[in-house]
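# here's a sequence, model it:
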Amino acid sequence: MAEGAIDPAELGGRLVGSGADEVERAAEAALRPKKLEEFVGQQVVRDQLSLVLHASIARDAAPDHVLLSGPPGLGKTTLAMIIAAELGTSLRVTSGPAIQHAGDLAAVLSSLEEGEVLFIDEIHRLARPAEELLYVAMEDFRVDVVVGKGAGASAIPLALPPFTVVGATTRSGLLPAPLRDRFGFTGHLDFYAAADLERVILRSAGLLGVEVRHEAAHEIAGRSRGTPRIANRLLRRVRDWAQVRGDGVLDLHAARSALQVYEVDPIGLDRLDRAVLDALCRRFGGGPVGLTTLAMMVGEEPETVETVAEPYLVREGLVARTPRGRVATAEAWDHLGLEAPPGTWAAGAAAVEPGTSQAARTLFDEAEGRDPRP
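Model (predicted):
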């Protein structure tokens, strides 16, 4: 995560946020699958990872280091725990922000036992000295312990037993190439289909000891932004409504009533998302609007709008980013029940408004990874 950016995990009070604090992580722990065969969705990554693990078990050797990438809430931490469980070993857990000095990492590495799994969450946020130490540890299974200071300092190599690093990142592009190349297996987790989220919800409901109807699971899945963490969170809130205001059964009426109370609409937008769309359409006629101006209109910091609300709105085709600012698509107007002005973009259209100079178009296309040539 870039310096100064907001970590979604640090933003509380947002029901459809994909981050999680310590309280929620504790609640999630009871719902985590313990085996790879119990893990729902991500079929490609599951099949690939199964081959890696079973081959290493057959060789009686530590598997290659594993890098898991993808947006928050899709199961990277769960997969790390499953890897350790499948290997029959223990899991050490740390995170990139917690390791700010090479000595911090050296202390963790030197305490590892043979075959253990070291899980480093948000590995792209490791401090540079710690990264360089990790290179050697992952490749040669040793760390160089520096004794003394200045000209009299010397490095004493310390051998490490074979171990496996499982790194998780939401920003794989920020990983240095030397670190990325030391992972023998890289798996990318994609957003879940609604059918897979229904299976997640039904499984979680069974673990929570509540009765959920299939139509309610379908309704919750459709509002979960393709993210199991959000699906489980919404399930718990619907359970609360059913226990307090209903008959304890999670049916379609309970799901819709609960999510109305918590202001989560049928496609998973919450108050902040709708405020962004409302400002774009009603206040600025669809845009373009600069990020700072848009943030002021919704009463949030620009980083919050850009990091928390905007990614999902762009992914759903409700907002487009242009060199001159954010614009609302025809789908956004329709979602708010408004008539789109003539010439409003449709989702999937080129994200540069009419009248933009060819130079600006070229710069925007290059920034988005497209071929700028006509």
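# what about residue 124, how many neighbours?
22 (other CB atoms under 10 Å). Just so you know, the C-beta spots here come from the backbone N, C-alpha and C atoms, and that holds for glycine as well.
# same check on residue 190?
By the measure other CB under 10 Å, the count of residues near residue 190 is 13.
# skipping adjacent residues, who's closest to it in space?
Here the nearest residue to residue 190 in space, its sequence neighbours aside, is residue 70; by CB to CB, 6 or more residues apart in numbering that works out to 6.7 Å.
# correct me, but that neighbour touches residue 186?
No. Judged on CB atoms under 8 Å, residue 70 makes no contact with residue 186 at a distance of 10.9 Å.
# so for the residue nearest to residue 190, what's the pLDDT?
Model confidence at residue 70, expressed as pLDDT, equals 88.
# in contact with it, which residues?
Contacts for residue 70 were tallied using CB atoms under 8 Å, 6 or more residues apart in numbering; they are 76, 170, 188-190.
# ok, it to residue 76 distance?
6 Å (CB to CB, to the nearest Å).
# my guess is residue 61 meets residue 162, correct?
Yes. Taking CB under 8 Å as the definition, residue 61 is a contact partner of residue 162 at 7.1 Å.
# ok, back up a step: now do the shared contacts for residue 70 and residue 76.
residue 189.
# gap between the residue nearest to residue 196 when sequence neighbours are not counted and residue 63?
Excluding its sequence neighbours, the residue lying closest to residue 196 (CB to CB, 6+ apart) is residue 41, at 3.8 Å. Summarising the geometry, the distance separating residue 41 from residue 63, computed by CB to CB, is 22 Å.
# neighbour count: those two, which is higher?
Taking neighbours as other CB under 10 Å, residue 41 and residue 63 compare with residue 63 leading, 23 against 20.
# next up, phi/psi of that one, please.
Main-chain torsions, residue 63, degrees, to the nearest 10: phi -70, psi 170.
# what do you get for residue 211?
With angles defined as degrees, to the nearest 10, residue 211 shows backbone torsions of phi -90, psi 120.
# quick one, what contacts it?
Residue 211 sits next to 205, 248-250 when contact means CB under 8 Å, 6+ apart.
# contacts for stretch 35-43 next, please.
Where contact means CB under 8 Å, 6+ apart, the residues beyond stretch 35-43 that reach it are 33, 46, 49-50, 53, 74-75, 78-79, 82, 85-86, 187, 189-190, 192-193, 196-197, 199-200, 203, 228.
# can you tell me the closest non-neighbouring residue to residue 114?
Residue nearest to residue 114 in three dimensions, not counting chain neighbours: residue 161, with 3.7 Å by CB to CB, 6+ apart.
# doesn't residue 115 make contact with the one you found?
Yes. The pair residue 161 / residue 115 is scored as a contact, 7.5 Å apart, by CB under 8 Å.
# show me what the helix or strand hosting residue 203 is packed against.
If you go by DSSP states H and E, residue 203 is part of helix 194-208. Helices and strands touching helix 194-208, by 3 or more CB pairs under 8 Å, 6 or more residues apart in numbering; DSSP states H and E, are strand 211-212, helix 214-222, helix 228-245.
# let's have these in TSV, adding distance to residue 57 and mean pLDDT.
Compiled in TSV, these are given as follows (distance: least, CB to CB, whole Å; pLDDT from 0 to 100):
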stretch	distance to residue 57	mean pLDDT
strand 211-212	36	88
helix 214-222	34	92
helix 228-245	27	91
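# can you say which of these is nearest to residue 182?
For residue 182, the closest of the helices and strands packed on helix 194-208 is helix 228-245, at 28.5 Å, according to CB to CB.
# what mean pLDDT does the next helix-or-strand element following the closest one have?
Scanning forward in sequence from helix 228-245 by DSSP H and E, the next helix or strand is strand 249-250. The predicted model gives strand 249-250 an average pLDDT of 88.
# sorry, back to before: buried subset of the contacts of residue 211?
Neighbour counting by 16 or more other CB atoms under 10 Å classes 205, 250 among those as buried.
# most widely separated two among the contacts of residue 211?
205 and 248 (12.0 Å).
# buried set for stretch 169-188?
Judged by neighbour count using 16+ other CB under 10 Å, the buried positions of stretch 169-188 are 169-170, 172, 175, 179-180, 182-183, 185-187.
# between the two ends of that stretch, how far is it?
In terms of CA to CA, to the nearest Å, the two terminal residues of stretch 169-188 are separated by 10 Å.
# and it, what's its mean pLDDT?
88.
# other residues contacting that stretch?
Taking CB under 8 Å, 6+ apart as the criterion, the residues outside stretch 169-188 that touch it are 1-2, 42, 45, 48-49, 52, 63-72, 79, 122-124, 131, 134-135, 138-139, 165, 167.
# mind listing which of these are in strands?
When strands are assigned by DSSP state E, the members of those inside them are 66-69, 165, 167.
# any idea how far the closest residue to residue 56 other than its chain neighbours is from residue 48?
Nearest non-adjacent residue to residue 56, counting by CB to CB, 6+ apart: residue 63, 3.6 Å away. To residue 48, residue 63 is 12 Å away according to CB to CB.
# for residue 131, same thing?
As judged by CB to CB, residue 131 and residue 48 stand 26 Å apart.
# of those two, which one has the most company?
In this comparison of residue 131 against residue 48, neighbours counted by other CB under 10 Å, the higher total goes to residue 131 at 19 against 14.
# show residues contacting stretch 97-106.
Outside of stretch 97-106, the residues that reach it under the criterion CB under 8 Å, 6+ apart are 108, 120, 122, 125-127, 129-130, 132-134, 137, 143, 145.
# in helices, which of those appear?
Of the positions in the contacts of stretch 97-106, 108, 129-130, 132-134, 137 sit in helices, assigned by DSSP state H.
# beta partners of the closest residue to residue 48 other than its chain neighbours?
Across the structure, with CB to CB, 6+ apart as the measure, the residue nearest residue 48 apart from its sequence neighbours is residue 187 (6.3 Å). Here residue 187 sits in beta bridges with residue 68, as judged by DSSP bridges.
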